[in-house]
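>>> Mind looking at a prediction? Sequence and model below.
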Amino acid sequence: MLQLGIVIFAVGFVLTGLATVTFKLRALANKPAWGGLTVPSGIVGVVALIIGVGLIGLTRM
């Protein structure tokens, strides 16, 4: 269960980072910064981070 929590946390971390990079690149290109993959990967990333932290916390008790 700990390994699953770590994997989900890592996926959330990567998706949140992808949202940040996408936001900055779209802003530099004078496109709407919140378009493209920014919002979906940010939302999925944050949810995965929360689930991953929860699983890690539950297994460490």
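Arrived safely, thanks for sending. Computed from a predicted model, the values in this text were never measured in an experiment.
>>> Which residue comes closest to I56 once chain neighbours are left out?
Excluding the flanking residues, the one nearest I56 by Cβ to Cβ, 6 or more residues apart in numbering is G5, at 4.1 Å. C-beta coordinates here come from the backbone N, C-alpha and C atoms, glycine included.
>>> Tell me which helix or strand A33 sits in.
Using DSSP states H and E, A33 is not contained in any helix or strand.
>>> How many residues are close by it?
Applying other Cβ atoms under 10 Å, we find 15 residues neighbouring A33.
>>> Nearest spatial neighbour of it, chain-adjacent residues omitted?
Nearest residue to A33, sequence neighbours excluded (Cβ to Cβ, 6+ apart): A27, at 4.2 Å.
>>> For G54, give its distance to S41.
Applying Cβ to Cβ, to the nearest Å, the value for G54 to S41 is 20 Å.
>>> which of the two has more neighbours?
With neighbours defined as other Cβ under 10 Å, G54 and S41 compare such that S41 has more, 20 against 13.
>>> what are the C-alpha coordinates of the helix or strand harbouring that one, in CSV please?
Following DSSP H and E, one finds S41 within helix 38-60. Taking C-alpha atoms only, helix 38-60 is exported to CSV below (Å, rounded to 0.1, in the frame of the first residue of the first chain):
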residue,chain,number,x,y,z
THR,A,38,-3.1,23.7,-17.7
VAL,A,39,-6.4,23.2,-15.8
PRO,A,40,-7.0,19.5,-16.4
SER,A,41,-3.5,18.4,-15.4
GLY,A,42,-3.5,20.8,-12.5
ILE,A,43,-6.8,19.4,-11.1
VAL,A,44,-5.8,15.8,-11.7
GLY,A,45,-2.4,16.5,-10.2
VAL,A,46,-3.7,18.1,-7.0
VAL,A,47,-6.2,15.3,-6.5
ALA,A,48,-3.5,12.7,-7.0
LEU,A,49,-1.2,14.5,-4.6
ILE,A,50,-3.9,14.5,-1.9
ILE,A,51,-4.8,10.8,-2.5
GLY,A,52,-1.1,9.9,-2.4
VAL,A,53,-0.4,11.8,0.8
GLY,A,54,-3.4,10.2,2.3
LEU,A,55,-2.3,6.7,1.4
ILE,A,56,1.2,7.3,2.7
GLY,A,57,-0.2,8.8,5.9
LEU,A,58,-2.5,5.8,6.4
THR,A,59,0.3,3.3,6.0
ARG,A,60,2.7,5.1,8.3
